Structure formats: C-alpha cells, structure tokens
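1. no FASTA, just this:
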C-alpha cells in the first residue's frame, strides 16, 4: 500500500458520498455565487487573461474595440455557461451598428463551439445594451489526442467587437460577465478514462535545447507497487454496483423464502 | 449515526471538489513572481494644440494635468512610473528643432509623488508633435528586461514630424526583444488622429480610447496603470524557427515568441518520449491591416515528413489573435511496455521521437501594408504523460443494473429454494 492508495481510497469514499447528494443544478441561467467578489479587470491576451472562478461576477469598463480576455477552470462533467452584457453609456451617439463576439478557447487555444447562446449579436446604432451568451459542450474526462472535444483544464473567453464602424472605436463601454458551471461536475465517470494532466498551458518562458539535452534519458521514477493501479477509479459506479449486490442478496433470500412450505 | 455519516460524506465530497479544483489550476496559478516590478511610462503631448478648450469647457492640457495628478496619487506601491513629454519647450517655427523636442520629466522608478506633480503642473502647451521620436525615447527610458513594459500615449494631434512615422516606430519597437505595449488615448475626435493611434495600438497589442471628459481620461489612465501591474508577465523566450524540419530549433516545454511573415513556414522540433503526450498551441497576432479572410495552421509531422496531427483555425473580420492547438501522443509501443511492468533493460525504446511542428498562415496583406518584420507568433509547448484510453468499465451503474441484479438474485433464490425442497423431499423418502 502506501500514500497513493490511501489517497485513492479517500477519494473513493468521497465519490460515493457525492453520489448520495442531489445532483447539481440542471441547466439554468448562471447566477453569482454568494459572497463571490466582483472582478473589475480583464486581460489583453491569452498570457495575461484575468483568472476568474465560475460564479464570480465580472464588471469592467473598457474601450469599444478592445479585446478582453478572461480564463476560468472547468472540470469533467461540467457544462460551462457564459453570459455577458455590454452597455454603452447614454449620451455618446454611435454612427453605425456593431457586432459583438464571444469566443471561447480551451487550454490549447483551440476554438470551442457554443451549443447555445447569442455568440455574435449585432447591436443597432440606437441601442444601448446587448446580451451575449455561450454554452459549451459537456467537458469530457478523456478524449483521444486527435479530437477537439472539451477537456478539463483552463478555458479562455475573448470578448470583442468583430464588426464596427471605425468612428465608433474608442468609446467607453461597460462589460458584465458571469461564468456558470452547469452540469453535474462529478469529476467524470470512472470508466471513461482521465488525462494525466489537465489542459493547463505552461506560462514560463521556454528554453531551446541542445541535441545532447534532447536525447538524454531521464532517470526512471519508480513509484513501487500500488494497489490503486488495478482498482477502478473512484466513481458512483462503486455505489451502484454495491447497491446492486445488496439488492440481489435480499432478492435471493426472498426468493428462497417464497419456495418454503407454509 | 445517519446524520454523522451524511455529514462526513459531505465533508469528504467537499474535499474531493477542492482537490478537483486544485487539479485544474488556472493558467497563472503556478507562476513565479516576475523578477522585476512593473514599469510604465506616460507620454503626454504638450504641443500647441493642447490649448484648445473643448473638454467640458476646459483646456485639454488642464484636463490632462488633473488626470495625471489623480493617477500619481492612486499609483500602486510597487509600480515604477515615468513621465515623458513632447513639444513642451520649443516655441519657435523651425521644424527641425521642434521635432527633436521631447524630454523625460519624471524618470522611470519609484515615484516621488510631490515632485512628479510639480513637474506636471509647470507644463504649458508649446510646440510640435514628434510622436514617433517620443515613443522611441520612451522605449529607451523603460529599458530592456524580462517582463512586459507599457507606454500610455496621450495626444490630441497627429504627428507633425514624420518621418519617422509613429506607427512604423511602434512596429519596430514591438519587434525588438523586449515586449512593449503601447496604449493610446486620443483627446480630440479627429479622424486622422484616431487612425494613427489605432495603428500604433494595433502594432503593439495595445488599446485605443477616445477620452472626452476628465473622468473618462482619469479612469482610463488609472485602469491602464493598474493593468500594467496586473498583466505584466515574464517575456516568452525568443526563438527563431527553421526553414525546414532538419535545422529547426529543439524546444523544451514553455512559451516562445517568434515572427512569421505572410505565407512563411516556420519549423520547430520537440523531443517526445514514448508514453508522453505533446501539447502545442500557436497564436499569431494580426498587428497590421490584413485582408478580410484569414487562417492559421499548425501541423505536427514525423521526422520523415509524415503528418501526425494538425490544428487549424480560420476567420474573417476584425480580430487581434488567431490561434490553433494540437495534442499528439505515441501510443502503440508504449502500451506493451506498460503491460509488461518494469522494463528498464530496454532503454533503447526510451529514445525520444523528434516531432516537427510547422506553423503556416493564410494571411494576406492589404495594399500598402508592410511585410517586414513578420507578425508576432506565440508558441506554447508542453509535454506530459500520455493518458491511455479507457477500457471497458469494471463496475456498472443505473437502475437497469439494479433491476437486473435483483431479478437475477430472485431467480437464484427461487431455484435454490426449489432445489432444496426437491432434495429434502427425495432424502426423506
């Protein structure tokens, strides 16, 4: 045994505990978590994206035409749901319509599809607010490397104006944003595999290797014998299977009892 | 007892959720603090046109001075701020002299607030508008280093001293090793000024704001100074991609920057061992006007040129960055090795595959757009353990499973009961 096994058993207990609890809220409008501090910042690129947590409201002033970046973590089973509202201040007339766009990228900066929500609404010159939304697909716990399925890790949001009359650039706007984590978020179903590491990109500067460094073989890590290697991962399947066994035993006794002569 | 169990289950599940959150930390969670404080320089136009009284009935320079005072008062503790002015001293008509007129009135460093305010208070609108020269000088003031630098340019007029064209200067500064971002603020709603400031902002990945009141100007400068503190990051490593796979640089996990011209191919190599997974992403910044439709392609190929996987993205319309990513892992040889347990003797199988990555783009310049230097490319490389595919699940779930097991148990019980009865009856007779 050893610590990894102990940890795994603890996680298993926790997962079976999770199965007892009511399932997470179904798909509904995301609402701010109670007590979450409002974020008043936005990044300007993937590397400088402001990190927010699901349920944490964002409210930031910006310039029309600016590209605003945020990053949030998502885990398997979740269905991230992003809502944004952009408002123009009264009294600053615009000369033409503008199309706002919400783009979502995964940790590998691959574009992620929205299954619902107004991803690219156009706001006419006279209107002062516009709503945007994007619901992602369910985050998988594992996918083949060649697929583009959403995986656990960092997700990036980019909010920008994709079509705009040039004289309207630079006007002040007010942006509100909220990320909701819909779905069950049960950390994936034990049988569906998992990634060795979530899709969280490195942020440190890289280093160009020499030929010798590239070909050197690192020392093998020997983690020793681990009971956990052949135990299925902790999941609600343990609970279902155990319950099934108990029911079968009870039904067996009942069945046996039925055949007794009265 | 039940309450106790439920409570401990809740505690445990809470723990698990915390672990799950920790397992997927946000992008910057494990970042070391950058090696130097954030550096930002405000560049203020004090040319003759700043006298115009068109912001809430006050002169542009008075508004700018008030905004600067408030910004200096609210300056975050560790931010190093400098102030440079242009067109502040030479009142004459000689363009040659007037276009050299730019001075740093507060050096970049820890700010003495009173001294800075006093220096700003003495400014009087005077001369020409040598924006390009001032930008170049501001970049020198900020110096070179390992983190992002920010310039905030506040002006009301077009550059009257080109050449150098300020937009070209901005592009040239951005192409130097240090990452430099120029944010621009326009004080006059003038089309030419807006075009020029938009061009400068786009060339460096900065922003453009049209400020038309004291509150707007002050709020925006404060926001940009705060942003300099919040978003300055360690500059990615500079790397020069090869023209073909064989002479491409070998990259370790991390972030890199390079430049790529229109229709150019850039090659890199990454060593990936058996049992490892390669993750690569690329972003190409559109820092100049390009044709309406565009695309970027990132391909991974084996050393013999066979394609392994590709990531691509395309789009149209206004955008700042175009990005694509891919994952790849060597699968088959590793599965066997894992199943056989420790196989340290076969060190030959651990030799890394040198995967070639090639970045190409389908961008096209608009008429009159310069092609040199190339557009900034950001390359992120990560190598992690590969994740084997899931086998068939060993356990089951669902109501149907429960029903099946219950019926099977019932039938077994009935059968066992009948057999017992038959056996007892036979034995008694």
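-> Done, it's in. The shown structure was predicted, so the numbers you read here are calculated from the model rather than taken from an experiment.
2. Disregarding flanking residues, what is the spatial nearest neighbour of residue A:130?
-> In space, residue A:130 comes closest to residue A:123 once its chain neighbours are excluded; the distance is 4.1 Å by Cβ to Cβ, 6 or more residues apart in numbering or on different chains. (C-beta placed from N, C-alpha, C; glycine too.)
3. Show me the shaky parts of the stretch 101-250 of chain A.
-> Where the stretch 101-250 of chain A drops to pLDDT under 70, the residues are A:184-192, A:217-229.
4. which stretches of it form strands?
-> Using DSSP state E, counting those that start in this stretch, the strands of the stretch 101-250 of chain A run over A:111-112, A:122-123, A:129-135, A:153-163, A:172-183, A:208-209.
5. related to what we said a few turns ago, wait, the residue nearest to residue A:130 sits on residue A:131?
-> No. Look at residue A:123 against residue A:131 with Cβ atoms under 8 Å: they stay out of range, at 9.6 Å.
6. The two: which has the busier surroundings?
-> Neighbours around residue A:123 and residue A:131, counted as other Cβ atoms under 10 Å in any protein chain shown, are more numerous at residue A:123. The numbers are 19 against 14.
7. Name all residues that make contact with the more buried one.
-> By Cβ atoms under 8 Å, 6 or more residues apart in numbering or on different chains, the residues touching residue A:123 are A:86, A:97-100, A:129-130.
8. Poorly predicted segments of chain B, please.
-> In chain B, residues with pLDDT under 70: B:1-34, B:177, B:232, B:331-349.
9. Please repeat the previous calculation with a cut-off of 80.
-> Chain B contains residues with pLDDT under 80 at B:1-35, B:92-96, B:145-146, B:157-162, B:177-178, B:189, B:230-235, B:330-350, B:389-394, B:429.
10. What's the local residue count around whichever residue of the stretch 151-300 of chain B sits closest to chain A?
-> Nearest residue of the stretch 151-300 of chain B to chain A: residue B:254, at 2.6 Å (Cβ to the nearest Cβ). Residues near residue B:254, counting by other Cβ under 10 Å, number 20.
11. what's the answer for residue B:93, then?
-> Neighbours around residue B:93, by other Cβ under 10 Å: 9.
12. Now for it: which residues touch it?
-> Contacts of residue B:93 by Cβ under 8 Å, 6+ apart: none found.
13. buried stuff in stretch B:287-305?
-> Buried positions in stretch B:287-305, judged by neighbour count with 16 or more other Cβ atoms under 10 Å in any protein chain shown: B:287-288, B:290, B:294-301.
14. ok, and the closest non-adjacent residue to residue 243?
-> As the question left the chain open, I've gone with chain A. Excluding its sequence neighbours, the residue lying closest to residue A:243 (Cβ to Cβ, 6+ apart) is residue B:402, at 6.2 Å.
15. that's the other chain; I wanted chain B
-> With Cβ to Cβ, 6+ apart as the criterion, residue B:243 has its nearest non-adjacent residue at 6.8 Å, and that residue is residue B:267.
16. The helix or strand harbouring that neighbour: what's the following helix or strand?
-> Here residue B:267, judged by DSSP states H and E, is contained in strand B:265-272. Helices and strands here follow DSSP H and E; after strand B:265-272, the next one along the chain is strand B:276-285.
17. ok, that following strand: who's next to it in the sheet?
-> According to DSSP bridges, strand B:276-285 has the following sheet partners: strand B:321-329 (antiparallel), strand B:375-385 (antiparallel).
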